[in-house]
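Q: Here is my input, please return the structure:
(chains A and B)
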2 protein chains.
Amino acid sequence: MAKKDNGTRVRDALRATAELPDPASSPVGPGKKDKGEKKLATAGERLDALQEALYAEGQPGPDGRSVLLVLQGMDTSGKGGTVRHVLGLVNPMGVRYKGFKVPTPAERRHDFLWRVRKELPAAGQIGVFDRSHYEDVLVPRVSGLLSAAERRRRITQINAFEKEVAAAGTTIVKVFLHISPEEQLRRLVARLERPEKIWKFAPSDVEARDHWHAYAQAYAELLERTSTDHAPWFVVPADRKWYRNWAVAELLIETLTEMAPRFPEPHFDVAEQLAKLKGDGVGA
Amino acid sequence: MAKKDNGTRVRDALRATAELPDPASSPVGPGKKDKGEKKLATAGERLDALQEALYAEGQPGPDGRSVLLVLQGMDTSGKGGTVRHVLGLVNPMGVRYKGFKVPTPAERRHDFLWRVRKELPAAGQIGVFDRSHYEDVLVPRVSGLLSAAERRRRITQINAFEKEVAAAGTTIVKVFLHISPEEQLRRLVARLERPEKIWKFAPSDVEARDHWHAYAQAYAELLERTSTDHAPWFVVPADRKWYRNWAVAELLIETLTEMAPRFPEPHFDVAEQLAKLKGDGVGA
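A: Numbers count the residues shown, from 1 in each chain, chains lettered A, B, ... in the order given. All right, here's what the predicted structure looks like:
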């Protein structure tokens, strides 16, 4: 399929490759904060319009399309901030947010994809996974609780699952928010130093830093083995929050632009309905 | 319980009474559009801060509090617009939106509150019902499909249900968006005349106008019989969109201010964690 000239620039530049970019770099788009913030404001209007069309398209029936944004990244990489600043630009009616925590005992009694499947977006929605089924390959791997065979099995299952979801009309956009350990350190300290931010902190965040390299390795394997044409991974340099916001907004815009959602055609005679209304006695 | 001097002004003025206000009036707050829009921008910041505190408070455990905003009103009264312009002011992470449509065959095989209960907000969330269990007393009543006995039974059940939900920690705010039939006519015509708005129109919206007075009567009964201390109804004059947005934002702000959500206390030694981080070798 021929791609539009202008519609894959950000996706092409941020598509996951074997080498991760510098977390403080701008591989594409604005390089300075003031320009980035201005561009985000404009992006907001485009994203809002595209989301409204997707939502409208999805209203008539069960066959409409949807988008699923998967956000992954180390603690403090900005998953929550992305939701606030990027998804906050569109109508909440069309956004379905789900944050996945440590599985509950009840969830553990099911296959790891069970709880994820229930949260998939409906026609017309932009679903957002704040963490996801990828945690089930990352965390137990780093803790040494997942055998290599089971890890391979889960990766195969994830690829099959995402292929099915994509075939059912959901465009999957997976984003790895890539921060440096130095920036994480600054953000964790900042959380502890601001009383209204302490609630975001957990001592386990500090402990996880001892496993930074193990996590980085686990992510590298996932980015390589689960970045598919139907569910690609994008790596967003996330040390600078304004760049992260701009980049995720643009990834969504390019994706939605390519989907080209269309307002549904009326299934009734517009002129006839207008005539009825204008001849309407109630309140006239 | 003593009420704060300043914290119930909008709620007191908009609390449902036997007489409905003029749909174009401003019973409280700004009377002009420019002032109303300015005040909404300021309200947005307060609402955002309160919502963040509610969300934070709800994170530690299952016992946290939540808010449920129920939006009812005739077609075009602005339920969707309220979600966009008021809930759009806060972090999407903390908003759980649910639009209730005509019940599906599967939903009809259950009690009418079954599908509603599943959508209640979790600790820390602001739940938004765009239409609700009230439709199950309104629509079948106007269609003549609900006996008077069954109607009374459902009203009793709704009051008991809401009392239970409130006791479990959910503050319920029910808003009737009150528009005039003249304004509805203008809005329906506007939908038909704008290609990107036609999707919001259904011929049944025109038919429903023939039953305007029956709906008004049904609403009047509901406002009287289901406005309780634990789940009060507020009537928001909604002919002017900017007033509607301001009023709903203020109702939420007053409600959240009274709830006074608090950031959770850390359950760890902050100084110790800071010391650990600052002595941290990773990335240093």
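Q: Can you tell me the element the spatially most central residue of chain A falls in?
A: Closest to where the C-alpha atoms of chain A average out (C-alpha atoms, centre = their mean) is A:L69, at 2.5 Å. Assigned by DSSP states H and E, A:L69 belongs to strand A:66-73.
Q: Other residues contacting that strand?
A: Outside strand A:66-73, the residues that touch it by C-beta atoms under 8 Å, 6 or more residues apart in numbering or on different chains are A:54, A:58, A:79, A:82-83, A:87, A:120-132, A:134-135, A:165, A:169-179, A:219, A:238, A:248, A:252, A:255-256, A:259. Using the backbone N, CA and C atoms, a C-beta is placed for each residue, glycine as well.
Q: Give me the distance from stretch A:263-279 to the chain's centre.
A: 38 Å (C-alpha atoms, centre = their mean, to the nearest Å).
Q: For stretch A:247-263, buried residues please.
A: Neighbour counts using 16 or more other C-beta atoms under 10 Å in any protein chain shown place A:247-257, A:259, A:261, A:263 of stretch A:247-263 among the buried residues.
Q: what do you get for stretch A:122-132?
A: For stretch A:122-132, by 16+ other C-beta under 10 Å, it's A:A123, A:G124, A:Q125, A:I126, A:G127, A:V128, A:F129, A:D130, A:R131, A:S132.
Q: Could I get the CA-only coordinates of the helix or strand where A:Q217 lies as CSV?
A: Applying DSSP H and E as the criterion places A:Q217 in helix A:212-225. Listed next in CSV are the C-alpha coordinates belonging to helix A:212-225 (Å, rounded to 0.1, in the frame of the first residue of the first chain):
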residue,chain,number,x,y,z
TRP,A,212,17.9,-1.2,35.8
HIS,A,213,20.1,-3.1,33.4
ALA,A,214,18.0,-6.3,33.7
TYR,A,215,14.9,-4.3,32.8
ALA,A,216,16.7,-2.6,29.9
GLN,A,217,17.7,-6.0,28.6
ALA,A,218,14.2,-7.3,29.0
TYR,A,219,12.8,-4.3,27.2
ALA,A,220,15.3,-4.6,24.4
GLU,A,221,14.2,-8.2,23.8
LEU,A,222,10.5,-7.2,23.8
LEU,A,223,11.0,-4.3,21.4
GLU,A,224,12.8,-6.7,19.1
ARG,A,225,10.4,-9.6,19.3
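Q: and the angle from that helix to strand A:66-73?
A: Angle, helix A:212-225 to strand A:66-73, by axes from the mean of the first three to the mean of the last three C-alpha atoms, to 10 degrees: 150 degrees.
Q: got a list of contacts for helix A:212-225?
A: A:16, A:18, A:20, A:72, A:74, A:134, A:137-138, A:141-142, A:155, A:159, A:176, A:181, A:208, A:233, A:235, B:282-283.
Q: mean confidence for the helix or strand just after that helix?
A: Next along the chain after helix A:212-225, taking DSSP H and E as the criterion, comes strand A:233-237. Average pLDDT, strand A:233-237: 98.
Q: and if you look at stretch A:193-206?
A: The model assigns stretch A:193-206 a mean pLDDT of 93.
Q: What's the end-to-end length of it?
A: Using C-alpha to C-alpha, to the nearest Å, the end-to-end distance of stretch A:193-206 comes to 15 Å.
Q: does it come close to chain B?
A: Yes - residues of stretch A:193-206 contacting chain B under C-beta under 8 Å from any C-beta of the partner chain: A:E193, A:P195, A:E196, A:I198, A:W199, A:K200, A:F201, A:P203, A:V206.
Q: same deal with stretch A:109-127?
A: No - contact of stretch A:109-127 with chain B (C-beta under 8 Å from any C-beta) is absent, the minimum separation being 9.7 Å.
Q: Quick one: residues in contact with that stretch.
A: Contacts of stretch A:109-127 (C-beta under 8 Å, 6+ apart): A:51, A:54-59, A:61-69, A:87, A:90, A:94-98, A:100, A:103, A:107, A:129, A:132-133, A:136, A:154, A:157-158, A:161, A:165, A:169-170, A:252.
Q: starting at the chain centroid, how far to it?
A: 14 Å.
Q: For the residue lying closest to A:E193 once chain neighbours are set aside, which residues are in contact?
A: Nearest non-adjacent residue to A:E193, counting by C-beta to C-beta, 6 or more residues apart in numbering or on different chains: B:L274, 7.5 Å away. By C-beta under 8 Å, 6+ apart, B:L274 lies in contact with A:V189, A:L192, A:E193.
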